[in-house]
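Undergrad: predicted coordinates and the sequence they were generated for:
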Amino acid sequence: MSRATLFDKVWDLHTVGTLASGQTQLFIGLHLIHEVTSPQAFAMLRERSLGVLYPGRTVATVDHIVPTQSQQRPFADTLAEQMIRALEDNCAEFGIRFYNIGSGSQGIVHVIAPEQGLTQPGMTIACGDSHTATHGAFGAIAFGIGTSQVRDVLATQTLALDKLKVRRIEMNGSLCPGVFAKDVILHIIRKLGVKAGVGYAYEFAGSTFEAMNMEERMTVCNMAIEGGARCGYINPDAVTYAYLKGRDFAPQGADWERAVAWWENLRSDPDAQYDDTIHFDAAEIAPTVTWGITPGQGIAVDETVPWPEELPGEDRPLAEEAYRYMDLAPGVPIVGTKVDVCFIGSCTNGRLSDLREAAKLARGRHVAPGVKAFVVPGSERVKQQAEAEGLHAVFLEAGFEWREPGCSMCLAMNPDRLEGRQLSASSSNRNFKGRQGSARGRTLLMSPAMVVAAAVQGHITDVRTLLEATP
Ligand SMILES: CC(C)[C@H](C(=O)O)[C@@H](O)C(=O)O
Ligand code: SF4
């Protein structure tokens, strides 16, 4: 198998057969489920009197609907209570491992699987959730699926799929101070657009990604879908293996050596054929922030909101819609935009290294008057580790709230919501209209460090100006 990409190799190794439709029947190694997209799938199984074929290959957690303040049961929200009950019942009935609240391992699905070593190189991973590409950071082929496909995986452990093309996104060089993995992916999406990846898997390659730790790689792969790519991945390397070694579900002893040799074998060949290759230079990336209503409407923090004439013709109608919705005028600097709410968390930036970066900047500073700022760890383990390091104390002292793990205000299927026209500085991945709970609420996406900068200044701030003053 020379001249093959990791994507090709993993796809071929998991191909059960070709269906009459021409689609591939693909075996799914790991299936992750949460409370939002699974109940109907289980209902469909029951309707057809089907069971779960390999219950050991499905792992469940609860994340979207969990309150991040009082988690006392029954939840105040009866719909949320019903959803968690349904998951509890389904997992009990079908013998599926469930990381429930208080288990010590609950959290956002894309945070908990990697931290337990469930996510491994060369796997096929599916989840009824569009940000499943996060797991591609390990060199897995991981993608989001719909509820009827969740049913298919439960019943057959396979999916009927069309093979994707592969685009290599090569970035080389070091990131400038104040520039993080989040800025890298916001920059890529800004340059390529939110639809460019449709029909593609994105392979992120080059020295910039090689220099990233696993959590940074997850941040990048997490947002592949925001660039239209259903799946994004990075070839596994020594960084991947060092992260995985010793985790709960990682291979042990002699199996470990065998696994590493196998994973190495799955890396894209040096002369692999790609359907497309795009080059970026890391040095050209500045702290990046979105000004509009898609993750592609981003600018460097020291730029002004773009004029329609500066944008390609096809992007102008959406820009007009965004000026109106966001109440931001073209030509105006984004720095200085007043913020109401500052949110650090989500499957993009709710991991320990994100909280460490944020705490570094928050230390010795205070949230500006009138700003509500809160930190939501991505999982119970992240919370526990952060507390062991004293990060929670740094945040609390700086005037941030310190919450229980969950998706929280990333999409506001829980009590954490914007109100009215509030504007949020958010470390999450989507800035769609109404995304954070209020039909007219506004979201600016940025790195956790930029969220802290906004929180302490009360307005969008170039994090580099604070870094210079950070001891
Ligand atoms: C609720 C879920 C299906 C949804 C997704 O697919 O991504 C959510 O996680 C999101 O981020 O919008
Ligand atoms: S944190 Fe946000 S993006 Fe991630 S799974 Fe939850 S709702 Fe979706």
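TA: That came through, no problem. Ligands and ions are numbered 1, 2, ... in the order given.

Undergrad: leaving out the residues flanking it, which one is nearest to residue 326?
TA: Counting by CB to CB, 6 or more residues apart in numbering, residue 326 lies nearest to residue 442, which is 5.4 Å off, once chain neighbours are set aside. For the C-beta atoms, the positions are set from N, CA and C on the backbone; glycine is no exception.

Undergrad: correct me, but that neighbour touches residue 422?
TA: Yes - under the criterion of CB atoms under 8 Å, residue 442 makes contact with residue 422 at 7.2 Å.

Undergrad: who has more neighbours, those two?
TA: Higher neighbour count among residue 442 and residue 422: residue 442, with 28 against 18, using other CB atoms under 10 Å.

Undergrad: what is the residue nearest to residue 326 paired to in the beta sheet?
TA: residue 423 (DSSP bridges).

Undergrad: for residue 94, see how far away it is.
TA: Distance of residue 442 to residue 94, computed by CB to CB, to the nearest Å: 42 Å.

Undergrad: could you find the closest non-adjacent residue to the residue of the stretch 301-450 of the chain found nearest ligand 1?
TA: Relative to ligand 1, the nearest point of the stretch 301-450 of the chain is residue 411 (5.1 Å; CB to the nearest ligand atom). Distance criterion CB to CB, 6+ apart; nearest residue to residue 411, sequence neighbours excluded, is residue 435 at 6.1 Å.

Undergrad: need phi/psi at residue 403.
TA: phi -110, psi 180 (degrees, to the nearest 10).

Undergrad: surely it touches residue 378?
TA: No - Residue 403 lies out of contact with residue 378 (CB under 8 Å); the separation is 11.2 Å.

Undergrad: the two: which is more packed in?
TA: Set residue 403 next to residue 378 and count neighbours by other CB under 10 Å: residue 378 wins out with 32 against 22.

Undergrad: please tell me how far the more buried one sits from residue 244.
TA: Taking CB to CB, one finds residue 378 at 18 Å from residue 244.

Undergrad: just residue 216 next, same as before
TA: Distance from residue 216 to residue 244, counting by CB to CB: 16 Å.

Undergrad: same thing with residue 41?
TA: From residue 41 to residue 244 the distance is 29 Å (CB to CB).

Undergrad: residue 436 now?
TA: Distance from residue 436 to residue 244, by CB to CB: 34 Å.

Undergrad: these two - which one has more neighbours?
TA: residue 436 (26 against 23).

Undergrad: who's in contact with the residue nearest to residue 151 when sequence neighbours are not counted?
TA: Spatial nearest neighbour of residue 151, excluding adjacent residues (CB to CB, 6+ apart): residue 41 at 4.1 Å. If you count contacts by CB atoms under 8 Å, 6 or more residues apart in numbering, residue 41 has them with 33, 128, 147, 148, 150, 151, 154.

Undergrad: from those residues, list just the buried residues.
TA: 33, 128, 147, 150, 151, 154 (16 or more other CB atoms under 10 Å).

Undergrad: residue 275: neighbour count?
TA: Residue 275: 13 neighbours (other CB under 10 Å).
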